[in-house]
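Colleague: Sequence plus predicted model, see below.
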Amino acid sequence: MTAMSLGPHASFIVTSYALASAVVLLLIVWIAIDYRRQKARLRELEASGVVRRSGRGAADV
Amino acid sequence: MTLIDLANPTRFLNLTSRVLPWLAAATAILLLIGLYQAAMAPDDYQQGATVKIMFVHVPNAWLAMFVWGVMSVAALGTLVWRHPLADVAAKAAAPIGAAFTFLALVTGSLWGRPMWGTYWEWDARLTSVLILFLMYLGLIALWRAVEDPSRAARAAAVLTLVGALNLPIIKFSVDWWNTLHQPASVLRMGGSSLDRSFLIPLLVMAVAFSLLFVTLHLAAMRNEILRRRVRSLQMMQASRRSA
(Lines give C-alpha, C1' and ligand atoms only; values in the text may rest on other atoms or scores of the structure.)
Protein backbone atom coordinates (compact mmCIF):
# COMPACT_ATOMS: atom_id res chain seq x y z
CA MET A 1 0.00 0.00 0.00
CA THR A 2 1.43 3.45 -0.90
CA ALA A 3 1.66 6.26 1.66
CA MET A 4 -1.33 8.15 0.21
CA SER A 5 -3.65 5.18 -0.20
CA LEU A 6 -6.14 5.85 2.58
CA GLY A 7 -7.88 2.48 2.65
CA PRO A 8 -11.51 1.74 3.55
CA HIS A 9 -11.78 4.59 6.07
CA ALA A 10 -10.61 7.34 3.71
CA SER A 11 -13.74 9.44 4.30
CA PHE A 12 -12.99 9.69 8.06
CA ILE A 13 -9.39 10.76 7.39
CA VAL A 14 -10.27 13.29 4.67
CA THR A 15 -13.12 14.75 6.77
CA SER A 16 -10.76 15.19 9.75
CA TYR A 17 -8.18 17.12 7.72
CA ALA A 18 -10.81 19.12 5.81
CA LEU A 19 -12.56 20.13 9.03
CA ALA A 20 -9.29 21.09 10.73
CA SER A 21 -8.32 23.20 7.68
CA ALA A 22 -11.75 24.86 7.59
CA VAL A 23 -11.75 25.75 11.30
CA VAL A 24 -8.17 27.11 11.19
CA LEU A 25 -9.01 29.14 8.06
CA LEU A 26 -12.15 30.46 9.75
CA LEU A 27 -10.10 31.58 12.78
CA ILE A 28 -7.58 33.37 10.55
CA VAL A 29 -10.29 35.14 8.52
CA TRP A 30 -12.24 36.10 11.66
CA ILE A 31 -9.15 37.60 13.33
CA ALA A 32 -8.14 39.45 10.13
CA ILE A 33 -11.65 40.91 9.67
CA ASP A 34 -11.80 41.89 13.34
CA TYR A 35 -8.45 43.74 13.00
CA ARG A 36 -9.66 45.71 9.98
CA ARG A 37 -12.96 46.51 11.74
CA GLN A 38 -11.25 47.82 14.89
CA LYS A 39 -8.81 49.94 12.90
CA ALA A 40 -11.67 51.36 10.82
CA ARG A 41 -13.61 52.25 14.00
CA LEU A 42 -10.54 53.96 15.47
CA ARG A 43 -10.06 55.99 12.28
CA GLU A 44 -13.74 57.01 12.27
CA LEU A 45 -13.51 58.18 15.88
CA GLU A 46 -10.30 60.10 15.18
CA ALA A 47 -11.85 61.67 12.10
CA SER A 48 -14.72 62.90 14.27
CA GLY A 49 -12.19 64.65 16.54
CA VAL A 50 -11.93 62.13 19.38
CA VAL A 51 -8.26 61.33 20.02
CA ARG A 52 -6.35 59.45 22.71
CA ARG A 53 -4.67 61.42 25.47
CA SER A 54 -1.29 60.33 24.09
CA GLY A 55 -2.27 61.88 20.75
CA ARG A 56 -1.36 58.65 18.92
CA GLY A 57 -3.71 57.56 16.15
CA ALA A 58 -4.97 54.29 14.68
CA ALA A 59 -2.30 54.47 12.02
CA ASP A 60 0.35 54.11 14.75
CA VAL A 61 -0.58 50.48 15.40
CA MET B 1 13.04 45.07 25.77
CA THR B 2 12.25 43.37 29.08
CA LEU B 3 9.08 41.47 29.94
CA ILE B 4 7.85 44.34 32.12
CA ASP B 5 8.05 46.71 29.12
CA LEU B 6 5.40 44.59 27.41
CA ALA B 7 2.95 45.62 30.14
CA ASN B 8 2.62 48.78 28.07
CA PRO B 9 -0.02 47.99 25.39
CA THR B 10 1.55 50.39 22.86
CA ARG B 11 4.95 48.68 23.16
CA PHE B 12 3.20 45.33 22.93
CA LEU B 13 1.44 46.43 19.72
CA ASN B 14 4.73 47.58 18.20
CA LEU B 15 6.40 44.27 19.04
CA THR B 16 3.41 42.31 17.68
CA SER B 17 3.54 44.17 14.36
CA ARG B 18 7.21 43.27 13.95
CA VAL B 19 6.94 39.63 15.05
CA LEU B 20 3.65 38.51 13.48
CA PRO B 21 4.79 38.19 9.82
CA TRP B 22 7.76 36.02 10.85
CA LEU B 23 5.61 33.85 13.10
CA ALA B 24 2.99 33.40 10.39
CA ALA B 25 5.65 32.40 7.85
CA ALA B 26 7.27 29.91 10.27
CA THR B 27 3.84 28.44 11.08
CA ALA B 28 2.95 27.99 7.40
CA ILE B 29 6.31 26.35 6.58
CA LEU B 30 6.15 23.99 9.56
CA LEU B 31 2.51 23.07 8.81
CA LEU B 32 3.44 22.20 5.22
CA ILE B 33 6.36 20.04 6.40
CA GLY B 34 4.14 18.36 9.00
CA LEU B 35 1.36 17.68 6.49
CA TYR B 36 3.86 16.21 4.03
CA GLN B 37 5.33 13.96 6.72
CA ALA B 38 1.83 12.95 7.84
CA ALA B 39 0.89 12.04 4.27
CA MET B 40 4.08 9.97 3.88
CA ALA B 41 3.82 8.21 7.26
CA PRO B 42 3.31 4.44 6.96
CA ASP B 43 0.05 2.73 7.86
CA ASP B 44 -0.22 1.33 11.37
CA TYR B 45 -0.30 -2.47 11.57
CA GLN B 46 -3.58 -2.36 13.53
CA GLN B 47 -5.23 0.93 12.54
CA GLY B 48 -4.19 1.11 8.90
CA ALA B 49 -4.33 4.60 7.38
CA THR B 50 -6.68 5.94 10.07
CA VAL B 51 -3.54 6.55 12.17
CA LYS B 52 -3.13 9.71 10.04
CA ILE B 53 -6.00 11.27 12.02
CA MET B 54 -3.62 11.24 15.02
CA PHE B 55 -1.51 13.99 13.40
CA VAL B 56 -4.40 16.48 13.63
CA HIS B 57 -6.23 15.05 16.64
CA VAL B 58 -3.36 14.91 19.14
CA PRO B 59 -1.93 18.44 18.56
CA ASN B 60 -5.43 19.88 18.91
CA ALA B 61 -6.07 17.86 22.07
CA TRP B 62 -2.75 19.02 23.59
CA LEU B 63 -3.49 22.64 22.67
CA ALA B 64 -7.03 22.44 24.04
CA MET B 65 -5.48 21.90 27.48
CA PHE B 66 -2.41 24.10 26.94
CA VAL B 67 -4.54 27.13 26.00
CA TRP B 68 -6.59 26.75 29.19
CA GLY B 69 -3.25 26.57 31.04
CA VAL B 70 -2.18 29.85 29.41
CA MET B 71 -5.53 31.38 30.37
CA SER B 72 -5.04 30.18 33.98
CA VAL B 73 -1.65 31.92 34.19
CA ALA B 74 -3.29 35.03 32.70
CA ALA B 75 -6.09 34.72 35.30
CA LEU B 76 -3.44 34.81 38.05
CA GLY B 77 -2.01 37.87 36.30
CA THR B 78 -5.42 39.53 36.48
CA LEU B 79 -6.22 38.63 40.09
CA VAL B 80 -2.79 38.76 41.76
CA TRP B 81 -0.58 41.13 39.76
CA ARG B 82 -3.31 43.14 37.98
CA HIS B 83 -1.21 43.05 34.82
CA PRO B 84 -2.87 45.29 32.19
CA LEU B 85 -2.49 42.70 29.44
CA ALA B 86 -3.47 39.62 31.49
CA ASP B 87 -7.20 39.82 30.82
CA VAL B 88 -6.53 40.78 27.20
CA ALA B 89 -4.42 37.61 26.86
CA ALA B 90 -7.07 35.39 28.47
CA LYS B 91 -9.98 36.83 26.50
CA ALA B 92 -8.09 36.59 23.20
CA ALA B 93 -7.08 32.97 23.87
CA ALA B 94 -10.58 31.64 24.68
CA PRO B 95 -12.08 31.41 21.15
CA ILE B 96 -8.84 29.88 19.83
CA GLY B 97 -8.82 27.33 22.65
CA ALA B 98 -12.48 26.56 21.98
CA ALA B 99 -11.69 25.94 18.29
CA PHE B 100 -8.83 23.55 19.19
CA THR B 101 -11.06 21.71 21.68
CA PHE B 102 -13.85 21.43 19.08
CA LEU B 103 -11.35 19.98 16.59
CA ALA B 104 -9.99 17.55 19.20
CA LEU B 105 -13.53 16.33 19.92
CA VAL B 106 -14.61 16.00 16.28
CA THR B 107 -11.41 14.45 14.93
CA GLY B 108 -11.37 12.10 17.93
CA SER B 109 -14.92 11.12 17.13
CA LEU B 110 -14.02 10.55 13.46
CA TRP B 111 -11.06 8.42 14.57
CA GLY B 112 -13.20 6.54 17.09
CA ARG B 113 -15.89 5.41 14.65
CA PRO B 114 -13.65 3.09 12.56
CA MET B 115 -11.46 2.07 15.54
CA TRP B 116 -13.95 1.64 18.39
CA GLY B 117 -17.13 1.22 16.35
CA THR B 118 -18.71 4.34 17.85
CA TYR B 119 -18.48 8.10 17.41
CA TRP B 120 -19.03 8.82 21.08
CA GLU B 121 -18.82 7.15 24.46
CA TRP B 122 -19.61 8.86 27.76
CA ASP B 123 -16.33 7.83 29.32
CA ALA B 124 -14.05 9.93 31.52
CA ARG B 125 -11.66 11.26 28.83
CA LEU B 126 -14.29 12.20 26.25
CA THR B 127 -16.68 13.65 28.82
CA SER B 128 -13.99 15.74 30.57
CA VAL B 129 -12.87 17.20 27.21
CA LEU B 130 -16.51 17.98 26.35
CA ILE B 131 -16.76 19.78 29.72
CA LEU B 132 -13.61 21.75 28.79
CA PHE B 133 -15.28 22.80 25.52
CA LEU B 134 -18.43 23.90 27.37
CA MET B 135 -16.29 25.87 29.83
CA TYR B 136 -14.64 27.70 26.94
CA LEU B 137 -18.08 28.61 25.57
CA GLY B 138 -19.23 29.69 29.04
CA LEU B 139 -16.22 31.99 29.44
CA ILE B 140 -16.73 33.55 25.99
CA ALA B 141 -20.40 34.14 26.89
CA LEU B 142 -19.38 35.73 30.21
CA TRP B 143 -17.00 38.19 28.53
CA ARG B 144 -19.73 39.11 26.06
CA ALA B 145 -22.43 39.46 28.72
CA VAL B 146 -20.57 41.88 31.04
CA GLU B 147 -19.98 45.22 29.36
CA ASP B 148 -17.38 46.61 31.76
CA PRO B 149 -14.07 44.82 30.88
CA SER B 150 -12.61 45.11 34.42
CA ARG B 151 -15.67 43.51 36.06
CA ALA B 152 -15.77 40.79 33.41
CA ALA B 153 -12.02 40.21 33.87
CA ARG B 154 -12.27 39.33 37.57
CA ALA B 155 -15.28 37.01 37.12
CA ALA B 156 -13.66 35.31 34.12
CA ALA B 157 -10.35 34.89 35.99
CA VAL B 158 -12.07 33.14 38.91
CA LEU B 159 -14.02 30.88 36.54
CA THR B 160 -10.83 30.10 34.60
CA LEU B 161 -8.96 29.05 37.75
CA VAL B 162 -11.89 26.86 38.88
CA GLY B 163 -11.98 25.32 35.39
CA ALA B 164 -8.24 24.55 35.60
CA LEU B 165 -9.15 21.75 38.04
CA ASN B 166 -10.46 19.89 34.98
CA LEU B 167 -6.98 19.77 33.36
CA PRO B 168 -5.46 17.02 35.58
CA ILE B 169 -8.78 15.15 35.32
CA ILE B 170 -8.47 15.17 31.51
CA LYS B 171 -4.79 14.19 31.61
CA PHE B 172 -5.10 11.33 34.08
CA SER B 173 -8.65 10.16 33.22
CA VAL B 174 -7.21 7.35 31.08
CA ASP B 175 -5.23 6.08 34.10
CA TRP B 176 -7.84 6.62 36.81
CA TRP B 177 -10.87 5.11 35.05
CA ASN B 178 -11.71 2.46 32.48
CA THR B 179 -12.04 4.21 29.15
CA LEU B 180 -12.11 3.43 25.45
CA HIS B 181 -9.42 6.06 24.94
CA GLN B 182 -5.86 4.75 24.80
CA PRO B 183 -3.45 5.74 27.61
CA ALA B 184 -0.73 8.35 27.06
CA SER B 185 1.78 7.17 24.47
CA VAL B 186 3.99 10.26 23.97
CA LEU B 187 4.13 12.23 27.24
CA ARG B 188 4.59 9.36 29.69
CA MET B 189 7.10 7.92 32.14
CA GLY B 190 9.70 5.84 30.35
CA GLY B 191 9.48 7.81 27.09
CA SER B 192 7.26 7.59 24.05
CA SER B 193 5.90 4.23 22.95
CA LEU B 194 5.34 5.54 19.40
CA ASP B 195 7.56 4.43 16.53
CA ARG B 196 9.78 7.23 15.11
CA SER B 197 7.90 7.08 11.79
CA PHE B 198 4.79 8.34 13.66
CA LEU B 199 6.47 10.30 16.44
CA ILE B 200 8.41 12.73 14.21
CA PRO B 201 5.44 13.88 12.06
CA LEU B 202 3.37 14.11 15.24
CA LEU B 203 5.94 16.34 16.96
CA VAL B 204 6.34 18.51 13.84
CA MET B 205 2.56 18.97 13.66
CA ALA B 206 2.43 19.70 17.41
CA VAL B 207 5.08 22.43 17.08
CA ALA B 208 3.31 23.78 13.96
CA PHE B 209 -0.06 23.99 15.76
CA SER B 210 1.65 25.55 18.80
CA LEU B 211 3.17 28.22 16.56
CA LEU B 212 -0.25 28.68 14.97
CA PHE B 213 -1.68 29.31 18.43
CA VAL B 214 1.05 31.85 19.31
CA THR B 215 0.47 33.67 16.00
CA LEU B 216 -3.32 33.75 16.30
CA HIS B 217 -3.13 34.64 19.98
CA LEU B 218 -0.86 37.64 19.41
CA ALA B 219 -3.09 38.82 16.54
CA ALA B 220 -6.24 38.38 18.65
CA MET B 221 -4.59 40.24 21.57
CA ARG B 222 -3.80 43.11 19.22
CA ASN B 223 -7.47 43.18 18.19
CA GLU B 224 -8.61 43.17 21.82
CA ILE B 225 -6.31 46.10 22.71
CA LEU B 226 -7.72 48.04 19.75
CA ARG B 227 -11.29 47.12 20.78
CA ARG B 228 -10.64 48.54 24.26
CA ARG B 229 -9.21 51.72 22.74
CA VAL B 230 -12.34 52.06 20.59
CA ARG B 231 -14.48 51.61 23.71
CA SER B 232 -12.61 54.25 25.68
CA LEU B 233 -12.76 56.71 22.76
CA GLN B 234 -16.51 56.05 22.37
CA MET B 235 -16.96 56.79 26.08
CA MET B 236 -14.94 60.02 25.71
CA GLN B 237 -17.14 60.96 22.74
CA ALA B 238 -20.33 60.20 24.68
CA SER B 239 -19.19 62.23 27.71
CA ARG B 240 -18.30 65.20 25.46
CA ARG B 241 -21.74 65.07 23.87
CA SER B 242 -23.51 64.95 27.23
CA ALA B 243 -21.37 67.82 28.64
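Modeller: Yes, it's here.
Colleague: Show the backbone phi and psi for whatever residue of chain B ends up closest to chain A.
Modeller: Closest to chain A within chain B is B:L226: 3.7 Å, counting by CB to the nearest CB. In short, each C-beta sits where N, CA and C put it, glycine included. With angles defined as degrees, to the nearest 10, B:L226 sits at phi -60, psi -40.
Colleague: That one: neighbouring residues, count only.
Modeller: If you count neighbours by other CB atoms under 10 Å in any protein chain shown, B:L226 ends up with 21.
Colleague: Grab the nearest non-local neighbour of it.
Modeller: Distance criterion CB to CB, 6 or more residues apart in numbering or on different chains; nearest residue to B:L226, sequence neighbours excluded, is A:Q38 at 3.7 Å.
Colleague: In terms of helices and strands, where is the one residue in chain A that gets nearest to chain B?
Modeller: Per CB to the nearest CB, A:Q38 is where chain A lies closest to chain B, at 3.7 Å. Assessed by DSSP states H and E, A:Q38 sits inside helix A:10-47.
Colleague: Can you pull the poorly scored residue ranges out of chain A?
Modeller: Counting by pLDDT under 70, the ranges of chain A that qualify are A:1-4, A:53-61.
Colleague: quick one: contacts for B:W177?
Modeller: B:123-124 (CB atoms under 8 Å, 6 or more residues apart in numbering or on different chains).
Colleague: ok, back up a step: the residue of chain B closest to chain A against A:A40, yeah?
Modeller: No: between B:L226 and A:A40 there is no contact under CB atoms under 8 Å: 10.2 Å.
Colleague: tell me how far the helix holding A:Q38 is from the chain's mean position?
Modeller: Here helix A:10-47 shows a centroid-to-chain-centroid distance of 3 Å under the convention CA atoms, centre = their mean, to the nearest Å.
Colleague: Pull out the buried residues from that helix.
Modeller: Neighbour-count burial for helix A:10-47 flags A:12-13, A:16-17, A:19-20, A:23-24, A:27, A:31, A:34-35, A:38-39, A:41-42, A:45-46 (criterion: 16 or more other CB atoms under 10 Å in any protein chain shown).
Colleague: Check which helices and strands the least confident helix or strand in chain B by mean pLDDT sits against.
Modeller: Of all helical and strand segments in chain B, the minimum by mean pLDDT, DSSP states H and E falls on helix B:166-176, at a mean of 87. Where contact means 3 or more CB pairs under 8 Å, 6 or more residues apart in numbering or on different chains; DSSP states H and E, helix B:166-176 is packed against helix B:54-76, helix B:124-145.
Colleague: Deepest in the core, which of these is it.
Modeller: helix B:54-76 (a mean of 22; mean count of other CB atoms under 10 Å in any protein chain shown).
Colleague: Which elements pack onto it?
Modeller: Other helices and strands packing on helix B:54-76, by 3+ CB pairs under 8 Å, 6+ apart, are helix A:10-47, helix B:9-40, helix B:86-116, helix B:124-145, helix B:149-163, helix B:166-176, helix B:196-242.
Colleague: again, only using 7 Å
Modeller: With contacts defined as 3 or more CB pairs under 7 Å, 6 or more residues apart in numbering or on different chains; DSSP states H and E, the packing partners of helix B:54-76 are helix A:10-47, helix B:86-116, helix B:124-145, helix B:149-163, helix B:166-176, helix B:196-242.
Colleague: how about the ones you listed, which one is nearest B:A38?
Modeller: Shortest distance between B:A38 and the helices and strands packed on helix B:54-76, using CB to CB, is found for helix B:196-242: 4.8 Å.
Colleague: what angle sits between the closest one and helix B:149-163?
Modeller: Helix B:196-242 and helix B:149-163 are oriented at 150 degrees to each other (axes from the mean of the first three to the mean of the last three CA atoms, to 10 degrees).
Colleague: Helix B:196-242 versus helix B:9-40: what angle between them?
Modeller: 150 degrees.
Colleague: for helix B:196-242, what is the average pLDDT?
Modeller: Mean per-residue pLDDT for helix B:196-242: 92.
Colleague: From the chain's centroid, how far away is that helix?
Modeller: Counting by CA atoms, centre = their mean, helix B:196-242 is centred 11 Å from the centre of its parent chain.
Colleague: Show me what it is packed against.
Modeller: helix A:10-47, helix B:9-40, helix B:54-76, helix B:86-116.
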